[in-house]
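In: Quick one: sequence and predicted model below, then my questions.
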Amino acid sequence: MVVAVGADHGGYALKVLVVEQLRREGHQVIDVGAFNEERSDYPDFARLVGRALQEGHAERGILICGSGVGACIAANKMRGIRASVCHDTYSARQGVEHDAMNVLVLGGRIIGYELAFELTRAFLGAQFNQVERYIARLKKVEALETERCL
Ligand code: RB5
């Protein structure tokens, strides 16, 4: 699978390991940075990962910041992006199957690399279940993107 991966300085160290592991497991990784531990801003990497999905360059995205929270908030501002912090494998799999989650967000200061690898496997190994009620909910989520919810 083609996966876009991005992280700020808080997620950089974990991103290095996740990118290596994804490549070992046969995925094609688009690494959008950061490429060092210098202070950076998570919305910049959320934007790059989101754009990779919106433009069809990647099928899924993985974002890592310190807690996962900031990158998740930023990514969900983008049309068509359904991101969530998942630090348990049930949610990482079920978020795709029921909710069509397309970006997994991790907290690089919260979890270790072995759990991160398990989470990416659960996320990338899952597919959206084309069940009527899940499709109907997804359409309601998409409607929120076009409504003026201000
Ligand atoms: C950076 O210090 C940190 O605030 C950021 O990575 C993230 O945790 C925000 O949610």
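Out: Yep, it's here. Just so we're clear, the structure is a prediction, and the values are computed from it rather than from any experiment.
In: name the element A74 belongs to?
Out: Per DSSP states H and E: A74 is located in helix 69-75.
In: Can you list the low-confidence ranges for the chain?
Out: Scanning the chain for pLDDT under 70 picks out 148-150.
In: Quick one: name the residues of it near the ligand.
Out: D8, G10, Y42, C65, G66, S67, V69, G70 (Cβ under 6 Å from any ligand atom). C-betas here are computed from N, CA, C, even on glycine.
In: Which stretches in this protein count as strands?
Out: 2-7, 28-31, 60-65, 83-85, 103-107 (DSSP state E).
In: re the thing from before, now the residues of the chain next to the ligand in CSV, with neighbour count and distance to G33?
Out: Below are the residues of the chain next to the ligand laid out as CSV (neighbours: other Cβ atoms under 10 Å; distance: Cβ to Cβ, whole Å):
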residue, neighbour count, distance to G33
D8, 26, 9
G10, 24, 13
Y42, 28, 11
C65, 32, 13
G66, 18, 16
S67, 18, 19
V69, 14, 20
G70, 20, 16
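In: looking at the strands of the chain, which is buried most?
Out: Across the strands of the chain, averaging neighbours per residue (mean count of other Cβ atoms under 10 Å) puts strand 60-65 on top, at a mean of 29.
In: who does it pair up with?
Out: Within its sheet, and counting by DSSP bridges, strand 60-65 is paired with strand 2-7 (parallel), strand 103-107 (parallel).
In: Redo these as a markdown table? Include distance to G33.
Out: Output for these, formatted as a markdown table (distance: least, Cβ to Cβ, whole Å):
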| stretch | distance to G33 |
| --- | --- |
| strand 2-7 | 6 |
| strand 103-107 | 16 |
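In: for these, which one sits closest to E97?
Out: strand 103-107 (13.3 Å; Cβ to Cβ).
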